[in-house]
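# quick check, what structure comes out for this input:
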Amino acid sequence: MALKLVSGTRNYCTGAMRIAKKWVLVKHFKGEPKSSDLKIVEEELPPIKDGEYLTQAEYISVDPYQRRYITKYPLGITMLGSQVAQIIESKNPNYPVGKRVVGWLGWRSHTILDGKAFPGAAVMDQIPYIIPDFGDLPPSLALGIAGMPGNTAYFGLLEVCKPKAGETLVVTGAAGAVGSHVGQIGKIKGMRVIGIAGSEEKCRWLTDELGFDYAINYKTANIGEELKRAAPEGFDCFFDNVGGQISSTIIYQMKQMGRVSVVGSISSYNEDERDISTLPKATIIQPGIVSGELTIRGIRVASFLDRWMEGIEQNLQWIREGKLQYRETVTEGFENTFKAFTGMLKGDNFGKAIVKI
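Numbering: from 1, shown residues only. Have a look, this model is predicted:
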C-alpha cells in the first residue's frame with residue numbers, strides 16, 4: 001500500500017513503498033520569493049535499515065534566515081528549515097517510536113535518519129535530538145522560544161551585550177520570535193527596554209503584554225525623534241535583527257562604550273548579498289562606532305552548539321516561572337508552508353511563525 005498525503009493531512013501507511021513530500025528549490029529567489037520558485041515533489045523512501053529511524057513532521061519552522069541562506073545552495077535542494085517530527089518507525093534503540101525530535105530536515109513530510117546530521121537541508125551541522133521534557137508546554141516551542149530562536153536571543157544578548165540592571169536596551173524586529181524574547185530577557189535582567197516593530201498592534205503587544213517600556217512603530221514614526229524621546233541619554237545595548245537605516249540611526253544614539261549584537265539584517269534579505277550594489281543604502285556607521293567606542297559583534301547561534309541545552313533549559317525555567325511569555329503564529333497544512341514563509345518575511349507574524357502539518 002502506498003502513502004498518500006493530501007491537503008496537509010498526515011496519512012502514513014507501511015508497505016512496499018513509502019512516499020514523502022518535500023518543497024524543492026527550482027529557481028533562486030530574486031527580490032520577494034515567488035510561489036513558482038519552489039514546488040512540492042514526491043520522493044519514494046526505502047525501508048529503514050538497522051540503525052535508522054523514520055520521522056513524520058508535525059511542525060515546520062519558517063524563519064528569516066531561510067530567505068538568505070537558500071541562495072548559497074544549488075537548485076534541486078529541499079528548502080532549508082528545522083522541524084519537530086515524531087518517530088513512527090525505528091531500528092535505532094536511541095530513537096524509540098513515539099519520541100519527538102528536532103532536526104534540520106528541511107520542508108519535508110517524512111525523513112529517514114541514522115543518528116547523524118541530516119545532509120542536504122542543514123544550516124547547522126547538528127544531529128537531530130530528542131525533545132527534552134516540556135511537561136504541559138507544546139512541542140512546537142522546540143522551534144521557537146525553546147529552540148533555535150530562543151537560543152539566538154539568549155546567547156546573542158547575554159554573551160555580547162552582557163546586560164546590567166539599570167541599563168537601556170533597544171531591539172529591532174522586536175515583535176518577532178527572537179526580538180520579543182530578547183526584550184523579555186532584558187527585563188529579567190533589570191533593563192529598560194525599547195522595541196521597534198511594524199504596527200501599532202505589535203507595539204501594544206510589546207508594552208501591554210511583554211513588559212517593554214516603550215515601543216516604536218517604524219512604519220509611521222520618525223525613528224530618530226522617537227528614539228530620543230524614549231531614551232534621551234542613549235542606549236547601552238542594541239540587539240539588531242534588521243539592519244538598514246534604522247540600525248544606522250540607533251548607532252549614532254548609543255552611549256559611550258555601548259555594545260551591539262547583530263544577529264540579522266532582515267531589511268536586506270530580498271536582495272542578493274553576492275552583489276553588494278543591490279543592497280539597501282544606509283548612513284555610514286563608522287564615525288558613530290569610533291566616537292562611541294562601540295563593541296559590535298555578529299552572532300551565529302551555530303557557534304553555541306556545545307551549550308545548546310543550557311539555553312533551552314534556562315528559557316524553559318523562565319517560562320515556568322512566568323518570566324517569559326511566548327506567542328506563535330500557526331499556519332495549518334504542509335501545502336501552505338510557502339504562504340507562511342512569505343507572510344513571515346512581510347512581518348505578518350507575532351512571535352514565532354510555524355506550520356502545523
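
# so where's the chain uncertain?
Along the chain, the parts satisfying pLDDT under 70 run over 1-17, 120-122.

# His110: neighbouring residues, count only.
23 (other C-beta atoms under 10 Å). In short, each C-beta sits where N, CA and C put it, glycine included.

# same question for Lys346.
Neighbour count for Lys346, taken as other C-beta under 10 Å: 10.

# just list the residues touching it, thanks.
Neighbour list for Lys346: empty [criterion: C-beta atoms under 8 Å, 6 or more residues apart in numbering].

# what about it, distance to Ile266?
As judged by C-beta to C-beta, to the nearest Å, Lys346 and Ile266 stand 10 Å apart.

# check Pro139 too.
From Pro139 to Ile266 the distance is 27 Å (C-beta to C-beta).

# ok, the two, which is more surrounded?
Neighbours were counted for Pro139 and for Ile266 using other C-beta under 10 Å; Ile266 has more, 21 against 16.

# hmm, the more buried one is touching Ile246, no?
No - with contact defined as C-beta atoms under 8 Å, Ile266 does not reach Ile246; the gap is 10.4 Å.

# could you pull out the helices for the stretch 201-350 of the chain?
For the stretch 201-350 of the chain, the helices defined by DSSP state H, counting those that start in this stretch cover 223-230, 244-251, 286-292, 308-320, 337-345.

# what about the helix or strand just after the last one, distance to the chain center?
Pointing back at helix 337-345 there. Next along the chain after helix 337-345, taking DSSP states H and E as the criterion, comes strand 352-356. Relative to its chain's centre, strand 352-356 lies at 10 Å (C-alpha atoms, centre = their mean, to the nearest Å).

# paired strands for strand 352-356, with orientation please.
Using DSSP bridges, strand 352-356 pairs in its sheet with strand 53-61 (antiparallel), strand 328-332 (parallel).

# what angle do that strand and helix 337-345 make?
170 degrees (axes from the mean of the first three to the mean of the last three C-alpha atoms, to 10 degrees).

# who touches strand 352-356?
58-63, 140, 143-145, 149, 177, 326-334, 336-337, 340-341, 343-344.

# please redo it, this time with the cut-off set to 6 Å
Residues from elsewhere that reach strand 352-356 (C-beta atoms under 6 Å, 6 or more residues apart in numbering): 59-62, 140, 143-144, 177, 328-332, 337, 340, 344.

# separate out the buried members of those.
59-62, 140, 143-144, 177, 328-329, 331, 337, 340, 344 (16 or more other C-beta atoms under 10 Å).

# can you show me the strands along the stretch 1-150 of the chain?
18-25, 38-45, 53-61, 83-90, 100-103, 110-113, 129-130 (DSSP state E, counting those that start in this stretch).

# buried sites along the second one?
Of the residues in strand 38-45, Leu38, Ile40 count as buried by neighbour count, 16+ other C-beta under 10 Å.

# and for the fourth one?
Applying a neighbour-count criterion of 16+ other C-beta under 10 Å, one finds Gln83, Val84, Ala85, Gln86, Ile87, Glu89, Ser90 buried in strand 83-90.

# pull the number of nearby residues for the closest residue to Lys91 other than its chain neighbours.
Leaving aside its chain neighbours, Lys91 sits nearest to Asp50 (5.0 Å; criterion: C-beta to C-beta, 6 or more residues apart in numbering). Using other C-beta under 10 Å, Asp50 has 7 other residues around it.

# as TSV, the strands of the stretch 1-150 of the chain with distance to Gly351 would be great.
Below are these laid out as TSV (distance: least, C-beta to C-beta, whole Å):
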stretch	distance to Gly351
strand 18-25	23
strand 38-45	24
strand 53-61	12
strand 83-90	16
strand 100-103	18
strand 110-113	26
strand 129-130	23
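
# quick one: closest of these to Trp205.
Of all those, it is strand 53-61 that lies closest to Trp205, at 20.9 Å by C-beta to C-beta.

# any residues touching that closest one, and which ones?
Outside strand 53-61, the residues touching it (C-beta under 6 Å, 6+ apart) are 12, 48, 81-90, 92, 95, 107, 109-113, 140, 143, 337, 354-357.

# kindly report the same for stretch 133-141.
Applying C-beta under 6 Å, 6+ apart, the contact partners of stretch 133-141 are Tyr59, Val84, Arg100, Ile131, Ile354.

# now it: buried residues?
Buried positions in stretch 133-141, judged by neighbour count with 16+ other C-beta under 10 Å: Phe134, Pro139, Ser140, Leu141.

# just the endpoints, please. Distance across it?
Using C-alpha to C-alpha, to the nearest Å, the span of stretch 133-141 from its first residue to its last is 12 Å.

# how far away is Tyr195 from Glu226?
Quick fix: residue 195 is Gly, not Tyr. Counting by C-beta to C-beta, the gap from Gly195 to Glu226 is 11 Å.

# of these two, who's got more company?
Gly195 (29 against 19).

# report the contact partners of the closest residue to the more buried one other than its chain neighbours.
Spatial nearest neighbour of Gly195, excluding adjacent residues (C-beta to C-beta, 6+ apart): Ala174 at 3.0 Å. Residues in contact with Ala174 (C-beta under 6 Å, 6+ apart) are Gly183, Gly195, Ile196, Ala197, Leu206.

# tell me the secondary structure for Ala174?
coil (DSSP: H, G, I helix; E, B strand; the rest coil).

# how far away is it from Arg192?
14 Å.

# cool, Cys161 as well?
13 Å.

# which of the strands of the stretch 1-150 of the chain sits closest to Leu305?
Per C-beta to C-beta, nearest to Leu305 of the strands of the stretch 1-150 of the chain: strand 129-130, 10.4 Å.
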